[in-house]
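K.L.:
here's a sequence, model it:
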Amino acid sequence: MWLKVILVMALLRMISGTIELIAAFLILRFNNIEKALIINSSLAFVGPLIFMTITSLGLVGVAEKLSFGKLAWVSIGIVCLLIGILKK
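P.N.:
The predicted structure follows:
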């Protein structure tokens, strides 16, 4: 099970990195500030989505090894990160 979770987490990170690189090349190709802002804004949605997915997979993978108290602290930390990332 650990290997599958780790492979999926790594694959999602590679996909995320590829999306970031494609976005950078598109920004350079269009050479237009308005289109660059649209592309960059799209990444603001993709990044947290990938982050939440990978974190969830990691938590599922270690949930059986963590006590409820430690799992609660980890969850509180993730919520704080998400509030900091998504709050305007």
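
K.L.:
what about the residue nearest to the spatial centre of the chain, helix or strand, and which?
P.N.:
Of all residues in the chain, the one closest to the mean position by Cα atoms, centre = their mean is residue 51, 1.9 Å from it. Element membership for residue 51, per DSSP states H and E: helix 33-62.

K.L.:
give me the mean pLDDT for the first helix or strand past that helix going along the chain.
P.N.:
Going down the chain from helix 33-62, the next helix or strand is helix 68-86, by DSSP H and E. For helix 68-86, the mean pLDDT works out to 82.

K.L.:
residues contacting helix 68-86, please?
P.N.:
Defining contact as Cβ atoms under 8 Å, 6 or more residues apart in numbering, one finds that helix 68-86 is touched by 47, 48, 51, 52, 55, 59, 63, 66. (C-beta placed from N, C-alpha, C; glycine too.)

K.L.:
same list, those residues, but as TSV with distance to residue 27 please.
P.N.:
TSV is the format used below for the contacts of helix 68-86 (distance: Cβ to Cβ, whole Å):
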residue	distance to residue 27
47	15
48	20
51	21
52	25
55	27
59	34
63	39
66	41
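
K.L.:
just the buried subset of those, please.
P.N.:
Among the contacts of helix 68-86, those buried by neighbour count (16 or more other Cβ atoms under 10 Å) are 51, 55.

K.L.:
quick one: the strand or helix carrying residue 21 to chain centroid distance?
P.N.:
Using DSSP H and E, residue 21 sits within helix 2-30. Helix 2-30 has its C-alpha centroid displaced from the chain centroid by 10 Å (Cα atoms, centre = their mean, to the nearest Å).

K.L.:
ok, now how distant is residue 32 from residue 38?
P.N.:
Per Cβ to Cβ, to the nearest Å, residue 32 is found 9 Å from residue 38.

K.L.:
residue 23 too?
P.N.:
Residue 23 is 10 Å from residue 38, by Cβ to Cβ.

K.L.:
same thing with residue 28?
P.N.:
Distance of residue 28 to residue 38, given as Cβ to Cβ: 14 Å.

K.L.:
neighbour-wise, which of those two wins?
P.N.:
Higher neighbour count among residue 28 and residue 38: residue 38, with 13 against 9, using other Cβ atoms under 10 Å.
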